[in-house]
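K.L.:
predicted coordinates and the sequence they were generated for:
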Amino acid sequence: MGSTTSDSTDGHRNRTLWPRMWRTLTTTGESPHTTTNRNGQLEAVPDGRIPLWRAHNGLRVMTLIYAFAWFLVMLPDYREPVLGSAIMASMVAWTAFTIWRYSKPSGRTKRLVLLDQFVTTGLFGLCYFVLTEHQLEQGLPTVVTMWHASMVTAAAVRCGMPGGFVSGAAAAAANFAMRGYIDSNMWMDTALHLVIGLLLGLASETAKHSTRRLARALRAEAATAERERLARDIHDSVLQVLARVRRRGGELGGEAAELATMAGEQETALRTLVSTGPAERGGTSTDLAARLRAFEGTGVNVSVPATEVTLPAETITALCSVTGEALQNVAEHAGPEAHAWILLEDLGSEIVLSVRDNGPGIPEGRLEEAAAAGRMGVAQSIRGRVESLGGTVTLDTSLGEGTEWEIHLTRTDSRDRTVHSGGRERGNY
Amino acid sequence: MTGSEISVMVVDDHPIWRDGVARDLTERGFRISATTGDAVSALRISRTVHPDVVLMDLNLGDTSGVEATRQITQEIPGTRVLVLSASGEHADVLEAVKAGASGYLVKSASVDELVDAVRRTSVGDAVFTAGLAGLVLGEYRRMAVTPDDSDPDPPRLTERETDVLRQVAKGLTARQIANKLVISHRTVENHVQSTLRKLQLHNRVELARYAIEHGLDQEGEAPPD
């Protein structure tokens, strides 16, 4: 394709037919709303590469028209007009066939794209026998001319950047072989073939990834919506009754009070279940606030910000087990009447987690005694875990004053510093 | 402990709960002036009966308990809103408190706690549970940490207010906090009230600014500069 001029007269003749032809040829034979995913579920995500296939089909038609115009102009001067006409007829047939196949997802196979490369290159090669030596040297267009590039676009859309690059290089190599000389026009053609292949390949890869990401996001959204619906239903029915049983039973006393306690525990468990978000977020950071809320129950009060407190998953697991250990200690040593409070604060650059109880407190020296006796005291265990996270822990206790653990942890990952808005959007304005 | 003279409206979309709470309060001597299950009629009824305290559930089907709280506290002077809600609705509770609610009690609270909270709400005190203190503290922290161009001057806590709020969030009573910080019981209460008032005032200013900006945008007028 050594030419950069176009035949405007010929292009004009085709213009009236153009819109309808364009629509017919570039419509893809699928509804984007009813594709199914691997699990066989209906999915509302159209393949992001569909527009690229349309663009390819459109380009093939446009370049065919362009080639046909040159064909009409040059036909009288061809060395082999019959072979030239045969090539042109084959190009029309191949264009129609590939557009028909490429317009359906099932037709966009690697095999057809590979065959496309051979057919196009073959037709281009045959042009060597059609043009006179003089025409070749002058840089006049071959019968195939710009239509040649449509094999590169097909390969790029189907196989991404590698496909686009290989096909572009093949087209450029064929061009050099045919012309047998090198000038600035040839270099420009080479560059164009490679750039088209790489750029469209990049677009195709991006579209493919976006489609996948969108599908994943939509699935997560559907799961969340279902969870919220379920949470609303449970809130409106079971939880109301449980809360009422808990309240009334507690007042009646005796056996009813026992039932009330059980109802209360189930109520708390169910509330926690429906209020914590899906565990899997697709990332390594999760919300510590939501995890701590799960500790809320009889005798334990949890105070956290309304916004998410995101931290790496392993940090959260460690902090939760430390909290669990501290609460366990309260349950074992602080007596049945003791109450515990958990407070989580997000200061941006660091988080502060406190666990306080109103039990009798730990007498001075007892922790040291335990350590001296070789027993791994709870204090040592908690301190060890927090320090391995890079945090500090202070224990504030004295006889009759309860116990308070305060854990300070500096955030190392700046990405986690952003305070996520969690569910705040809902009732904002 | 009786609640004579104090009139209460119960807003909750679940009849079992609504009637149960109404009965509990009647038994303790409160006057139930109305019960309703949706936010729209809650606003309409409270305009005519002027209850002292509105017990507001936030989960009212399709209508927003937060918005009802905002309108009731702004339109009807003397009527205070106490949010009585499930423990999982943290974000909504914070919004309701910013919108003007005087406090928040979880539904699992005992009748004694409820009666006490309603009485305190009726005289204008804030009902600050540990959970609410954690939410308010978290909101101040969020405003301090997250830079927001649309909000150049977010309210801040003084050091003392921060101390007090933290102790409330850790479950200490006002008296315990007073002892610990060596200040008077009344000072502790004042600090707590002030943290809430600042947040509510800021919320109102923000809303007004939002409305003005929005209104100007809608009319398509050129910016004044």
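P.N.:
Alright, I've got the coordinates.

K.L.:
residues from the stretch 251-400 of chain A in reach of chain B?
P.N.:
On the criterion C-beta under 8 Å from any C-beta of the partner chain, chain B has as its neighbours in the stretch 251-400 of chain A the residues A:251, A:264, A:267-268, A:271-272, A:274-275, A:293, A:296, A:301-307, A:339, A:341, A:343-348, A:354, A:356, A:358. For the C-beta atoms, the positions are set from N, CA and C on the backbone; glycine is no exception.

K.L.:
please look at residue B:184 and residue B:177 and confirm they touch.
P.N.:
No - counting by C-beta atoms under 8 Å, residue B:184 does not reach residue B:177; the two are 10.6 Å apart.

K.L.:
now the helix or strand harbouring residue B:131: buried residues?
P.N.:
Per DSSP states H and E: residue B:131 is located in helix B:130-145. Buried positions in helix B:130-145, judged by neighbour count with 16 or more other C-beta atoms under 10 Å in any protein chain shown: B:130-143.

K.L.:
of the residues of the stretch 251-400 of chain A next to chain B, buried ones?
P.N.:
A:264, A:267-268, A:271-272, A:274-275, A:293, A:296, A:301-307, A:339, A:341, A:343-346, A:354, A:356, A:358.

K.L.:
gap between the closest residue to chain B within the stretch 51-200 of chain A and residue B:57?
P.N.:
In the stretch 51-200 of chain A, the residue that lies nearest chain B is residue A:51 (33.3 Å; C-beta to the nearest C-beta). For residue A:51, the distance to residue B:57 equals 49 Å [C-beta to C-beta, to the nearest Å].

K.L.:
the two: who's more crowded?
P.N.:
residue B:57 (24 against 15; other C-beta atoms under 10 Å in any protein chain shown).

K.L.:
now the more buried one, nearest residue through space, not along the chain?
P.N.:
Nearest non-adjacent residue to residue B:57, counting by C-beta to C-beta, 6 or more residues apart in numbering or on different chains: residue B:12, 4.0 Å away.

K.L.:
residue A:352 belongs to a strand, doesn't it?
P.N.:
Yes - assessed with DSSP: H, G, I helix; E, B strand; the rest coil, residue A:352 lies in a strand.

K.L.:
show me what contacts the nearest residue to it once chain neighbours are set aside?
P.N.:
Nearest residue to residue A:352, sequence neighbours excluded (C-beta to C-beta, 6+ apart): residue A:345, at 4.4 Å. Residue A:345 sits next to A:305, A:351-353, B:137-138, B:141, B:166 when contact means C-beta atoms under 8 Å, 6 or more residues apart in numbering or on different chains.

K.L.:
what do you get if the cut-off is 7 Å, keeping everything else the same?
P.N.:
The contact partners of residue A:345, by C-beta atoms under 7 Å, 6 or more residues apart in numbering or on different chains, come to A:351-352, B:137-138, B:141.

K.L.:
do the same with residue A:63
P.N.:
Contacts of residue A:63 by C-beta under 7 Å, 6+ apart are A:146-147, A:149-150.

K.L.:
so what's it scoring on pLDDT?
P.N.:
With respect to pLDDT, residue A:63 has a value of 94.

K.L.:
name the residues of the helix or strand hosting it that come out as buried.
P.N.:
In this assignment (DSSP H and E), residue A:63 forms part of helix A:50-74. Residues A:50, A:52-71, A:74 are the ones in helix A:50-74 that count as buried (16+ other C-beta under 10 Å).

K.L.:
please apply the same query to stretch B:116-130.
P.N.:
B:116-122, B:125-130.

K.L.:
shouldn't residue B:109 be within a helix?
P.N.:
No - assessed with three-state DSSP, residue B:109 is coil; it does not lie in a helix.

K.L.:
farthest pair in the buried residues of stretch B:116-130?
P.N.:
B:122 and B:130 (22.1 Å; C-beta to C-beta).

K.L.:
break chain A into its domains for me.
P.N.:
Chain A is divided into the following domains under automatic domain parsing: A:8-216, A:277-422.

K.L.:
worst average pLDDT in these?
P.N.:
Among the domains of chain A, domain A:277-422 scores lowest, at a mean of 77.

K.L.:
one step back: filter the buried residues of helix B:130-145 down to the ones near chain A?
P.N.:
Among the buried residues of helix B:130-145, the ones lying near chain A by C-beta under 7 Å from any C-beta of the partner chain are B:130-131, B:133-135, B:137-139, B:141-142.

K.L.:
pretty sure residue B:174 is touching residue B:187, no?
P.N.:
No - with contact defined as C-beta atoms under 7 Å, residue B:174 and residue B:187 do not form a contacting pair (9.6 Å).

K.L.:
who has more neighbours, the two?
P.N.:
Shown here are residue B:174 and residue B:187; by other C-beta under 10 Å, residue B:174 has more neighbours (19 against 15).

K.L.:
contacts only, for that one.
P.N.:
By C-beta under 7 Å, 6+ apart, the neighbours of residue B:174 are B:185, B:188-189.

K.L.:
do stretch B:102-119 and chain A meet at all?
P.N.:
Yes - using C-beta under 7 Å from any C-beta, we find that stretch B:102-119 touches chain A at B:107-108, B:110-111.

K.L.:
mind checking the longest helix of chain B?
P.N.:
Counting residues, the longest helix found in chain B (DSSP state H) is helix B:185-219.

K.L.:
okay, the angle between it and helix B:130-145?
P.N.:
Helix B:185-219 and helix B:130-145 are oriented at 50 degrees to each other (axes from the mean of the first three to the mean of the last three C-alpha atoms, to 10 degrees).

K.L.:
helix, strand or coil for the residue nearest to residue B:201 when sequence neighbours are not counted?
P.N.:
Computed as C-beta to C-beta, 6+ apart, the closest residue to residue B:201 that is not its neighbour in sequence is residue B:155, at 7.6 Å. Of the three states, residue B:155 takes coil under three-state DSSP.

K.L.:
for residue B:155, give me phi and psi.
P.N.:
Main-chain torsions, residue B:155, degrees, to the nearest 10: phi -70, psi 150.
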